[in-house]
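Trainee: Okay, predicted coordinates and the sequence, questions at the end:
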Amino acid sequence: MLNHLISLHDVTVDEFHQILDVAQKLKKETKAGIEHHLLKGKTLAMIFTKSSTRTRVSFETGMYQLGGHPMYLNGNDIQLGRGESIYDTANVLSRFVDGIMIRTFAHQDVLDLAKYGSLPVINGLTDLLHPCQALADLLTVYEHKGKLEGLKLAYVGDGNNVAHSLLYAAAKAGMHMSVATPAGYECNAEIVENAKADAKQTGSILTFTQDPNEAVAGADVVCTDTWVSMGQEEEKAERIKIFKDYQVNAQLFGKANEDAIFIHCLPAYRGYEVTEDIIDGPRSVIFDEAENRLHAQKAVMALVMGNNK
């Protein structure tokens, strides 16, 4: 039974598929106008020390649609580990609300909230992981491809939190994943080892290279992310030079399968990590993917905060 969603490495293969199944069910009901107030009377504290339009809107809307109440707390409202210890914050919030969603920089803050509190914690993003995005990504792939197992996902660019959570998701789903990053910008070594261990359970094959052409060859799904994440603005000029050969353009995307789709978690910077003709082209599914943040997160909230707990 899911108690938190901090890392997809922590969920079983069955739990992973359960989240996607519930997401599809809730999405169908939403489209049909069928209410599902599974969290009626419950309150979700949404802590944002790192701002985001998509994360706030999708969690707030999702909580309303589930019949609950979302409560927005920004970095000024709650001084995590500065004004008050995380231990005290976790214990106090546990007396008031029914769940916490946190989007922050330090992954340890999320781990500590879950450790010290007595309520479900959902990782809305940390510098290390972005599990809700990976769930939305694979829900989108499933909708367009009709399956996940055996497909090849290529990720090109920075070995960041998006890449890390996609590795975990691909491993749980039995997808093959090839990651191309420049030297010095590889995925976290511990994440890679964890993902490889997960992959052994499902037959997933995970490969790593510095050659984007090699990674994209024969891919069913091509993914990239911004080269400059929040907090890295001072490195922008240097990063643009380093990542210039990792742009997803017509030449690179042409190495993928003819029916390959393109995904990107947004915000995107056209002309940098991806060209306009790809991200705004017929094989881009970025807005389906953005919408699926809502449905995937509703599934997570329903499963970790539901009345069956």
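Mentor: All right, it came through fine. What you see is a predicted model, and the numbers here were worked out from it, not measured in a lab.

Trainee: Which positions within stretch 274-287 qualify as buried?
Mentor: 274-275, 278-279, 284-286 (16 or more other CB atoms under 10 Å). C-beta coordinates here come from the backbone N, C-alpha and C atoms, glycine included.

Trainee: of those residues, closest to Lys25?
Mentor: Checking those against Lys25 by CB to CB gives Val285 as the nearest, at 20.6 Å.

Trainee: now Leu266, what's its secondary structure?
Mentor: Under DSSP: H, G, I helix; E, B strand; the rest coil, the three-state class of Leu266 is coil.

Trainee: Can you tell me the element Ala154 falls in?
Mentor: strand 152-156 (DSSP states H and E).

Trainee: Equivalent analysis for Ser178, please.
Mentor: strand 176-180.

Trainee: can you list contacts of that strand?
Mentor: By CB atoms under 8 Å, 6 or more residues apart in numbering, the surrounding residues in contact with strand 176-180 are 150-157, 159, 163, 166-167, 170-171, 187, 204-212, 214-216, 219, 246.

Trainee: Equivalent analysis for stretch 196-206, please.
Mentor: 9, 13, 149, 167-168, 170-179, 192, 195.

Trainee: What of stretch 11-21?
Mentor: Outside stretch 11-21, the residues within contact range by CB under 8 Å, 6+ apart are 2, 5, 8, 135, 138-139, 142, 169, 172-173, 201-202, 296, 299-300, 303.

Trainee: Same question for stretch 40-54.
Mentor: The contact list for stretch 40-54, computed with CB under 8 Å, 6+ apart, reads 55-56, 59-60, 63, 66-75, 78, 80, 93, 96-105, 109, 124-125, 230, 266, 290, 293, 301, 305.

Trainee: and these, which are buried?
Mentor: Applying 16+ other CB under 10 Å to those flags 55-56, 59-60, 63, 66, 68-71, 73, 78, 80, 93, 97-104, 109, 124-125, 266, 290, 293, 301, 305 as buried.

Trainee: Just the angle for the strand holding Ala154 relative to strand 176-180, thanks.
Mentor: Going by axes from the mean of the first three to the mean of the last three CA atoms, to 10 degrees, strand 152-156 is angled at 20 degrees with respect to strand 176-180.
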